[in-house]
Structures are given as C-alpha cells and as structure tokens.
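Peer 1: Give me a model of this one.
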Amino acid sequence: MKINEVVLSKGLTGFYFDDQRAIRRGNYVENGLAYDGEPVTPGFTAIRQAGESVSVQLVLNNGQVAYGDCAAVQYSGAGGRDPLFLADDYIPAIEKYVVPVLQGKTITSFREMAEEIEQLKDDQGKPLHTAIRYGVSQAILDAVARSKGMTMAEVIVAEYDLELIPEPVLIFCQSGDDRKMNADRMIIKQADIMPHGLYNNVQKLGANGEHLKEYLVWLKDRVQQLKVREDYLPDFQVDVYGTIGEAFNNDIAKVGEYARELVEIVAPHKLLIEGPIELASKEEQIRGMAELRKYVDDNNIPVTFVVDEWCNTLQDIKDFTDAKAGHMIQIKAPDLGSLTNSVEAILYCHANGMIPYLGGTCNETERSAQITVQVAVATQPRQILSKPGMGVDEGLSICTNEMNRLVALLQRKAR
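Peer 2: This next block holds a predicted model:
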C-alpha cells in the first residue's frame, strides 16, 4: 500500500499556549481567562494565547485516510523545549521537508517510517520541531495499522515484540485552576487519579504550603461526600511546578518532611507530587530529584515524586532513570517528537526501575489523545494523562472511550 497524497490543515487544540516564565514571575493581572501583562518568552504575543495544531492526513491508494495531529505543550519554549508552535509558521516547513518524503511512499513499518521523519533536518541542520515529528508519527502509525488491518496498539506490540495485555491503563485527570469544581467532576465520574491542581506559583501553594494542605483536606472529604461506590479510592496527584522547593528554599529535608505532612493528610489515598522542585539546569534537577527520592525512601515517607521539567527527550528520560532521580517520569509525548521515542522511553523505564507515566498536555487534540491511548495499551505505563483540555469531562470521555473500545476489541480477538 502507498501514500498517494499528504493533506495539511490548521486546527485548534483543547487549551492554550501559556508563557510559563511570565506566569512564574507573577507580573500579571488575571482578567477572566486571560492574563494582562507582558510576555517574556520569545514568540508569545500574549501571556495566554490560543493553542494551535496542524492535522496531517495521509491519503492511501485504497482510499483510506490515516491522520494525526501536530501539537505542542501548553508551556512551549520553557524548560529547554522547542519554541511556540504556530500553524502558519510550521505548515510551510511540513510542506518543504515532510511531504516530499511521504508522498508516493510505500508503507513499510511504523518504526522505519517514523524514524526517517525523526532524522530529517531543516536548512540549518536542526531537527524538525517536536510537534511536527509527533503528529507525523501518529499519521504513520495509523497508516501502518490500516495497511495491515490491525489496531495501532497491535502494530506497536508486534514491532517491539511485546506481550499484548488487553487491559486498561489508569487515567490521571487535570483540573487547572478550577480545582474544586473540576474535582467534583472527577469524583462523580470515578476518575482513577486526580486532581492535578495547577499550583504554579507560591501564592497558590501558600508561603509555607498551607493552601495545598487545606485543599487536600477538602479533597479527601469531598471524595467521601460524593463517591458513588464504597470502595472508590482514587490516587491524589498534584502538580506543583517547583513551588514546594521555592517555598522551602529547595532544602531537601524540608521538602521531604512537607511531603510527609501531605501523605498523612491524604491517607489512605496514595500521594504523587509532580515537580516538587525545579532547578536551573538539567544536571541540577537530576541531582536534586535523586536526593529527594533518597531522602523520602530512607525515611519511609510513602510519597511518589514525579519528574517533569528538564526531562524532555528520550535521552533525558534515560539520564533521570539511571540516576534514580524521582520515582516516576512523565513521558511528555509531544516533547519527545516521534511516538517511537515515547514507546522506547516507557520500555526503558520498565526495564530500569522507574515508573513510566505517558503524559502530554492539555494543549493537544482529540486525535493525539486517542493515539496516545493506543500507545499506552500496547506498552502498559502505570498511567496516562486525560487530554485534551482542562474541563475534565471532554478529555476523560475521549481517553476512556478510546481505551474501552480498544480493550473490548482486543479481548474479543483473544477469545
């Protein structure tokens, strides 16, 4: 089977691009959903602006159309990531570098074709934007699956010689700033892991972490009030964007002991803390997260620290894993480029004592979310991120329905 034509179109993501550096500095005024203030990250024209995507449709010679969406994370341009991904800026790059490679191409394997795109360079000798590699690899995976009459999950299982486990993966929901109303949505729909919380500056956390403590007390009580099943016991995962470290001057013992207090508050729920510290470089972040993991492990504090910032590439994930820096790594699929890198990252974590979490961003699309689910069922990370958007209902329904459809189909085939 061949690819007859590549069709590109501009799209909207499920959230926004936010200038993380401007938000962390706090020099803004909230104005409804917008932030009034000057952006500081190159490419931004406002602190918050509309998220954009590019759909890549591959028209096959049997009339089928395989497709994927190029998308980048909410906090583009931060923490060593590629710059802001604006469709009008990058469609010409896809037309120039990707379309000639794919148009007329015979479909072979997902790994081979995606790796070819992953290795492409622009006129300056730089790799193509991670969003391009991410979206094109989705379309390629879909094309290979269609050519073989298989699900995308089965393609990955076959090409990586994995065991097919037709079981769902836990889904982690994110609340954004509307952390109470959205927690209600999660509890009513019995989300596996909640709430995210978006504690992205110390004002939200509290100078001594008191606001997060108060919220977790409320959240634990709220689960008891609203749960529809007596045995419902979701994990609690909060994303704090380094603000705990900021509040406690990145003192490892103080951060660890604060985590102990939070663990005691939420028990018997499990507690996961994403981004407890955020240091100035990858090397410092690895060292800090390794010290933090060792401190809580040595002191029997049953918290799971999740790595996010400064861990953007397959090599980064290997480096954090080898250093035992944190307990779990968010494998942020859009940051890794080709989905082959996400697959390899999950497998590396499995093999080397790190818990894999296949994440991404609220700033994706329904298509990238569906394909991430396919990757997750094939590779079985501990959890995936509910996406796109911050509204809970939409992202959770997209990911849950794709997962349940896929698992039901795979179980039927197994019978």
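Peer 1: So which elements touch the lengthiest helix in the chain?
Peer 2: Counting by DSSP state H, the longest helix found in the chain is helix 393-414. Secondary-structure packing of helix 393-414 (3 or more Cβ pairs under 8 Å, 6 or more residues apart in numbering; DSSP states H and E): helix 152-159, strand 170-172, helix 179-188, helix 366-379. Bear in mind the C-beta positions are built from the backbone N, C-alpha and C, glycine included.
Peer 1: Just the CA atoms of that helix, as PDB, please.
Peer 2: Extracted C-alpha coordinates of helix 393-414, given in PDB (Å, rounded to 0.1, in the frame of the first residue of the first chain):
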ATOM      1  CA  ASP A 393     -15.400  15.800  31.100                       C
ATOM      2  CA  GLU A 394     -14.200  16.100  27.500                       C
ATOM      3  CA  GLY A 395     -10.700  14.700  27.900                       C
ATOM      4  CA  LEU A 396     -11.800  12.000  30.200                       C
ATOM      5  CA  SER A 397     -14.500  10.800  27.900                       C
ATOM      6  CA  ILE A 398     -12.100  10.900  24.800                       C
ATOM      7  CA  CYS A 399      -9.500   8.800  26.600                       C
ATOM      8  CA  THR A 400     -11.900   6.500  28.500                       C
ATOM      9  CA  ASN A 401     -13.900   5.700  25.400                       C
ATOM     10  CA  GLU A 402     -10.900   5.100  23.100                       C
ATOM     11  CA  MET A 403      -9.400   2.800  25.800                       C
ATOM     12  CA  ASN A 404     -12.600   0.800  26.400                       C
ATOM     13  CA  ARG A 405     -13.300   0.400  22.700                       C
ATOM     14  CA  LEU A 406      -9.700  -0.800  22.100                       C
ATOM     15  CA  VAL A 407      -9.600  -3.200  25.100                       C
ATOM     16  CA  ALA A 408     -13.000  -4.700  24.200                       C
ATOM     17  CA  LEU A 409     -11.800  -5.300  20.600                       C
ATOM     18  CA  LEU A 410      -8.500  -6.800  21.800                       C
ATOM     19  CA  GLN A 411     -10.300  -9.100  24.300                       C
ATOM     20  CA  ARG A 412     -12.700 -10.200  21.600                       C
ATOM     21  CA  LYS A 413      -9.800 -11.100  19.300                       C
ATOM     22  CA  ALA A 414      -8.200 -13.000  22.100                       C
END
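Peer 1: what residues are up against the residue positioned nearest the centre of the chain?
Peer 2: The residue lying closest to the centre of the chain (Cα atoms, centre = their mean) is residue 360, at 1.7 Å. Residues in contact with residue 360 (Cβ atoms under 8 Å, 6 or more residues apart in numbering) are 73, 332, 333, 334, 368, 369, 372, 385, 387.
Peer 1: The third one - how many residues pack around it?
Peer 2: Other residues near residue 333 come to 33 when the count uses other Cβ atoms under 10 Å.
Peer 1: give the contact list for it.
Peer 2: Contacts of residue 333 by Cβ under 8 Å, 6+ apart are 134, 339, 342, 358, 359, 360, 368, 372, 375.
Peer 1: how near is the first one to residue 71?
Peer 2: In other words, residue 134. Distance, residue 134 to residue 71, by Cβ to Cβ, to the nearest Å: 7 Å.
Peer 1: ok, the two, which is more surrounded?
Peer 2: residue 71 (34 against 29).
Peer 1: pretty sure the more buried one is in contact with residue 82, am I right?
Peer 2: No. Here residue 71 does not reach residue 82: they are 11.8 Å apart, not a contact under Cβ atoms under 8 Å.
Peer 1: Overlap in contacts, the two.
Peer 2: residue 131.
Peer 1: remind me, longest strand of this structure?
Peer 2: strand 3-18 (DSSP state E).
Peer 1: Go through the longest helix of the chain and flag the buried ones.
Peer 2: Buried positions in helix 393-414, judged by neighbour count with 16 or more other Cβ atoms under 10 Å: 394, 395, 396, 398, 399, 400, 402, 403, 406, 407, 410.
Peer 1: can you state the direction angle for that helix and helix 366-379?
Peer 2: With axes from the mean of the first three to the mean of the last three Cα atoms, to 10 degrees defining the directions, helix 393-414 sits at 40 degrees from helix 366-379.
Peer 1: Please compute how far helix 393-414 lies from its chain's middle.
Peer 2: Once both centres are worked out by Cα atoms, centre = their mean, to the nearest Å, helix 393-414 turns out to sit 19 Å from its chain's centre.
Peer 1: got the buried residues of helix 393-414 as TSV, with distance to residue 270 and pLDDT columns?
Peer 2: Output for the buried residues of helix 393-414, formatted as TSV (distance: Cβ to Cβ, whole Å; pLDDT from 0 to 100):
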residue	distance to residue 270	pLDDT
394	26	97
395	22	97
396	19	98
398	25	98
399	20	98
400	20	98
402	25	98
403	21	98
406	26	98
407	23	98
410	28	98
